Each structure stands twice: as C-alpha cells, then as structure tokens.
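> Sequence and predicted structure are below.
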Amino acid sequence: MSLSPAQIAALVEVAQIWAGCQIVIVGATALGFHVEMRWRQTADVDLVVAVGVDDLQAIAQRPGWQQSARRQHEFRSPQGARLDILPAAAPLIERGHIAWPSGHVMSLAGMDLALAHAVARDVGGGHRVHVAPPPVVAVLKMVAYGDRPAERERDLADIAYLLDIYVDDDSDRRWDEAADVEYDLAPAFLLGRDIGGVATQTHRPLVAGFLDRVGDPDSVHHAIMDRLGPLSWRSEEGALHRRLDVFRRGFEGTLADRAAGEGDA
C-alpha cells in the first residue's frame, strides 16, 4: 500500500498528538497493505485510536485541521488528507459503542481486535504505522454492514473479493491447510479459518449473524454481494454460495479446534 505524502504527514501528526496511544489503520486502506485493491480505491484513511470522544478536540483545535460539522469523527488535514478517526478507549470498547454529541450511535464491536492484532508496516521516510490484518478488517466490515446495510454496500464488495484473493495463488496454505478444498475456494476457507482464530465469544455471533444474512440465496443481501463480487463469478453458478459455504466450514472448524484445545488444557 502506498500512502500519499499528505496522508503520511497527517498520520505523523496524529501520532505526535497521541504519543503513547494505540493508533491502528482499519478499513479499505488497511486491506491495501495486505492485498492488491484492484476493485476499488479509497480516498480516506480510517483510524481507531485508544482515546476518548472528548480527546478528538486535540485534533480539531490543531491549526489547519478541519472537523466535519455533520460527522464528528471526520477530519481533513492541512495538507488535504481525509481521516476518519474513531475513539476507542477501554471504557468505550467495554460499552461497545460511541454515543456522539449529535445523537448518532456507532458500534465499536470488533475494534478491540484491531487494537490487539495490529501489525507494523513501513510507509517510507522512516515512518511506521500499525495496520489491522485482513481477518480483523473483514469482521469490522461485517459489523458495519449489519449496522447500516443501506450505506455500506462497499463492505460487501470488499469481503466478496477477499473470498477470492485472501491468499496468493502459490501460497503453501492452499495445500497445507486447505488440501480437501477446491483450489478456487481455498481463499474463502482460509479466511474463515483465520477469522475463527481471532474471534472471541463476543465476536463469533457477529460473524455467524453476517453469514446467516448474506448466506440465504433468496435474500437481497446475497443478491447485492453476488452482484458486487468479482466478474469471474458471472460464469460460475452459485459462486458466492459456494464460497460462503467453505468460509463457514473454515470458521466453524477453527472454533471447534480451539474448543477441543481448551478442553485438553
């Protein structure tokens, strides 16, 4: 993933303001650090920061920074970079949502995973950022779509493409961990496995609920996700249904393995 100079400058300033606090890139920008986002581009950077809602004033009051009057979490840096900053201090994570002064309520479900599993990446100029891995981003997108399906169709598209490109064509995982799965379905199976590996008891119902919603071939959610998926699906009957099926197998299989391991401990 290549961040623009304006985005890097904005992230450096954010890190200076909240030195010592966890700052993690999530959303489509995070995916771009791990996979080639050939199906769409994103102009903003989504951040989760371990601070309180009131702490956002530290950014709003900085010279040259502009805060959206309609969405308190949206900012534009002096260089023009657009940042979406979600406060996620421990009390907010425990509560599970943000109640903005405007009255809008936003779920924080899954944000604890972003803080717990972030990985460091170099962005040039001696700067490093922390980025959520694809399994965590996928969970966050499942939550976001469940909260606001009419506004979050792009999350269905991102998850749909992950079901096809989550692992490289020559990845050993296709044969080591997905040997009994069709080659084209291995990425979906492995994504399910890895989400099962990070999901706690709190997150598992969120993933299961998403699968129930989009897994019904007769549902509008399934139709939308199928339409937004890779063009290669057009020539494959039941392409989305087959991928969601092996995804569920991977997800539930990992949960079963974890439960067995906990029982043996």
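Here it is on my side, so go on. Numbering: from 1, shown residues only.
> ok so residue 121 is a strand residue?
Yes - the assignment for residue 121 by DSSP: H, G, I helix; E, B strand; the rest coil puts it in a strand.
> so it makes contact with residue 131?
Yes - using Cβ atoms under 8 Å, residue 121 is in contact with residue 131, at 5.1 Å. Where you see a C-beta, it was placed from the backbone N, CA and C, and this is true even at glycine.
> Show me which of these two is the more surrounded one.
More crowded of residue 121 and residue 131, by other Cβ atoms under 10 Å: residue 131, with 25 against 16.
> contacting residues for that one?
Counting by Cβ atoms under 8 Å, 6 or more residues apart in numbering, residue 131 touches 24, 25, 30, 33, 34, 118, 119, 120, 121.
> same thing but 10 Å
Residue 131 sits next to 1, 24-26, 29-34, 114, 117-121, 123, 137 when contact means Cβ atoms under 10 Å, 6 or more residues apart in numbering.
> now residue 91
residue 52.
> if we can go back for a sec, in helices only, show me the contacts of residue 131.
Residues of the contacts of residue 131 located in helices (DSSP state H): 29, 30, 31, 32, 114, 117, 137.
> count of neighbours near the third one?
Read that as residue 31. Look at residue 31: counted by other Cβ under 10 Å, it has 24 neighbours.
> The last one too?
Residues near residue 137, counting by other Cβ under 10 Å, number 29.
> try the fourth one
When counting by other Cβ under 10 Å, one arrives at 17 neighbours for residue 32.
> Phi, psi for residue 200 please.
For residue 200, the backbone dihedrals (degrees, to the nearest 10) come out as phi -90, psi -180.
> Check what pLDDT residue 162 gets.
Model confidence at residue 162, expressed as pLDDT, equals 97.
> That one: what's it in contact with?
Residue 162 touches 31, 34-35, 134-135, 137-138, 141, 187-188, 191, 243, 247, counting by Cβ under 10 Å, 6+ apart.
> redo that, cut-off 7 Å
Applying Cβ atoms under 7 Å, 6 or more residues apart in numbering, we find residue 162 in contact with 134, 138, 191.
> between the ones in helices among the contacts of residue 131, which is nearest residue 127?
For these, the minimum distance to residue 127 (Cβ to Cβ) is 14.9 Å, reached by residue 29.
> one step back: for the contacts of residue 131, which ChimeraX command selects only the ones that are buried?
To isolate the buried members of the contacts of residue 131 in ChimeraX, using 16 or more other Cβ atoms under 10 Å:
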select :1,24,25,26,29,30,31,32,33,34,114,117,118,121,123,137
